[in-house]
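> just the structure for this:
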Amino acid sequence: MKTRAKYIAFLGVFLAFSVALGYFERALPPIAPAFPGIKLGLPNMAVIALMYMKDYRTAFLLNICRVIISGILFSGMLGMFYGLFGACVSFAAMALLKKTNAFGIVGVSSAGGVFHNLGQICAGALIVGGELFYYFPALTIFGTVSGAAIGYLSGLVINRLNKLGFGANFMNHYFESNEHLNHRPNQREYTHKFTKFEFVTDAGVFSKNGVDRATDILLCSLPELSGKVLDLGCGFGCVGIVIAKIYKKEVEVTMSDVNGRAVELAETNAEKNGIKANTIKSDAFENIPGKFGSIITNPPIHAGKDVVYRLYAEAHGHLDPNGRFFAVIQKKHGALTHRQKLSEIFGERNCRAIYSKKGYFVFECTK
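Okay, the predicted model is just below:
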């Protein structure tokens, strides 16, 4: 009951925010009177924020509720019809692009602006005919520009909410114990160094839609490994399983996570991929004994700096002499600040970036 109440409160806050933005946008003078229907798309900030902070299901629910409420309060049934058509087409385009991990939030939002206009033109064509498509070139240009601006603003909103702790207080995070969530298992494939892996993912774990770009970059950047290896915050087990299969008898892999569902999935996926690894449910290093030659993590950035910095400090204490710590962090998540903290813990000379391209950093720190 408590979880459902949090979910309803979370959705209600974003819904109110979205409707308020829609009201504000309607009060603005026409941007281009020659092209009726052109708007900035301010309400879409709430949808994009939820898509990135929560999940597709919640973001889509917000999208539909927003259009219906705005239709009842402001635009009427015809406006609601246009809005629903545009919102659904736009959301489908954004969701598909986001899943590819090839586009940032600005690119995803820009596509959403274009496809929202396309959806509304298609809806209008059903009523008044195909001559509305003459507007599409102009609407495409405006949708691209306004969508990019909304994406940028959405990124600022997300970062601000995370700094305020809004996400940690109102969302079910992968870095929490989420066994109470309904199961939505998925089968995913991943190829690394010409070796194919199959993974089962589920709701309530990190990157439930498959191996994320940061993890792929981390795996591709790692040097040769041997000895005892810890996959810290293992999620469904991708990093630990790939390392165990690639290096086989050269490594002894342990996978840990605070999320019990993630640990269960890691065990399932280890068996599925024919490898042996230790699995431990642990909040940071609470239940992890011994020391390791290598500790690898895609840290839970949204848990906050206090949590992540504690992981760094405890990782240092659980490394063998000359042991190595690896972490992948995006620039937009404060990679350079994290590097400073790692340098404080490990020493400036002992920390270096072994990968730094397109907004991603992989750091290697030696004890």
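> where does this protein have low pLDDT?
In the predicted model, the chain carries pLDDT under 70 at residues 1-7, 31-37, 101, 162-183.
> quick one, longest helix in it?
helix 136-163 (DSSP state H).
> sec struct for C365, please.
strand (DSSP: H, G, I helix; E, B strand; the rest coil).
> that one and I121: what is the separation?
According to C-beta to C-beta, to the nearest Å, C365 and I121 sit 53 Å apart. All C-beta atoms are positioned from the backbone trio N, CA, C, and that covers glycine.
> try Y56
With distances taken as C-beta to C-beta, Y56 is found 25 Å from I121.
> higher neighbour count, those two?
For Y56 versus I121, neighbours defined as other C-beta atoms under 10 Å are more numerous around I121 (22 against 15).
> you'd agree the more buried one is up against E131?
No. Counting by C-beta atoms under 8 Å, E131 is not a contact partner of I121; they are 10.2 Å apart.
> still on that earlier bit, now for the longest helix of the chain, which elements pack on it?
helix 44-53, helix 105-128 (3 or more C-beta pairs under 8 Å, 6 or more residues apart in numbering; DSSP states H and E).
> that one to helix 105-128, inter-axis angle?
140 degrees (axes from the mean of the first three to the mean of the last three C-alpha atoms, to 10 degrees).
> can you point out the buried residues in helix 136-163?
Residues of helix 136-163 classed as buried by neighbour count (16 or more other C-beta atoms under 10 Å): 139-140, 142-144, 146-151, 153-155, 157-158, 161-162.
> same check, this time on stretch 46-63
So for stretch 46-63, counting by 16+ other C-beta under 10 Å, buried means 46-55, 58-60, 62-63.
> what's the answer for stretch 355-367, then?
Neighbour-count burial for stretch 355-367 [16+ other C-beta under 10 Å]: 355, 360-365, 367.
> which pair of the residues you listed spans the longest distance?
Y360 and K367 (23.9 Å; C-beta to C-beta).
> for the stretch 251-367 of the chain, what spans make up the helices?
260-272, 305-317, 335-346 (DSSP state H, counting those that start in this stretch).
> now render those helices as TSV, adding mean neighbour count and distance to C220.
Below are these laid out as TSV (neighbours: other C-beta atoms under 10 Å; distance: least, C-beta to C-beta, whole Å):
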stretch	mean neighbour count	distance to C220
helix 260-272	21	19
helix 305-317	17	21
helix 335-346	17	17
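> of those, which approaches N186 most closely?
Once the helices of the stretch 251-367 of the chain are compared by C-beta to C-beta, helix 260-272 is nearest, at 10.6 Å.
> centre of the chain versus that closest one, how much separation?
From the chain centre to the centre of helix 260-272 is a distance of 21 Å (C-alpha atoms, centre = their mean, to the nearest Å).
> and the contacts of it?
174, 177-179, 181, 198-202, 204-206, 234-238, 240-241, 244, 255-257, 276-277, 279-281 (C-beta atoms under 8 Å, 6 or more residues apart in numbering).
> and L84, how far from K193?
46 Å.
> for D212, grab the count of nearby residues.
17.
> I127 now?
Neighbours around I127, by other C-beta under 10 Å: 10.
> my guess is A123 contacts C88. True?
No. Using C-beta under 8 Å, A123 makes no contact with C88, being 9.9 Å away.
> could you list every residue that touches the residue nearest to L153 when sequence neighbours are not counted?
Leaving out its chain neighbours, the residue that sits closest to L153 by C-beta to C-beta, 6 or more residues apart in numbering is M45, at 5.8 Å. By C-beta under 8 Å, 6+ apart, the residues touching M45 are 18, 21, 150, 153-154, 157.
> centroid residue for the protein?
Centroid-nearest residue in the chain: Y52, 5.2 Å away (criterion: C-alpha atoms, centre = their mean).
> hmm, S109 and it touching each other?
No. Applying C-beta under 8 Å, one finds Y52 not in contact with S109, separated by 10.2 Å.
> now do the shared contacts for these two.
S154.
> what's around H192, how many residues?
The burial count for H192: 17, using other C-beta under 10 Å.
> if I pick the nearest residue to it once chain neighbours are set aside, what's in contact with it?
Once flanking residues are discounted, H192 sits nearest to V242: 5.2 Å by C-beta to C-beta, 6+ apart. Counting by C-beta under 8 Å, 6+ apart, V242 makes contact with 190, 192, 195, 197, 219.
> same thing with C122?
Neighbours of C122 in contact, by C-beta under 8 Å, 6+ apart: 85, 89.
> and the gap between it and I345?
From C122 to I345 the distance is 56 Å (C-beta to C-beta).
> could you do V114 as well?
46 Å.
> any idea which element the residue nearest to H192 lies in?
helix 238-247 (DSSP states H and E).
> that helix vs helix 260-272, what angle?
Using the same axes, to 10 degrees: helix 238-247 against helix 260-272 is 20 degrees.
> and helix 238-247, which residues are buried?
Buried-residue list, helix 238-247, by 16+ other C-beta under 10 Å: 238-247.
> just to check, F85 is in contact with A123?
Yes. With contact defined as C-beta under 8 Å, F85 counts as touching A123 (3.6 Å).
> based on its surroundings, how many neighbours for the residue nearest to T140 when sequence neighbours are not counted?
Residue nearest to T140 in three dimensions, not counting chain neighbours: V114, with 5.4 Å by C-beta to C-beta, 6+ apart. Residues lying near V114 (other C-beta under 10 Å) number 22.
> does V114 touch G143 like I think?
Yes. Using C-beta under 8 Å, V114 is in contact with G143, at 4.1 Å.
> so where's the longest strand in this protein?
strand 319-330 (DSSP state E).
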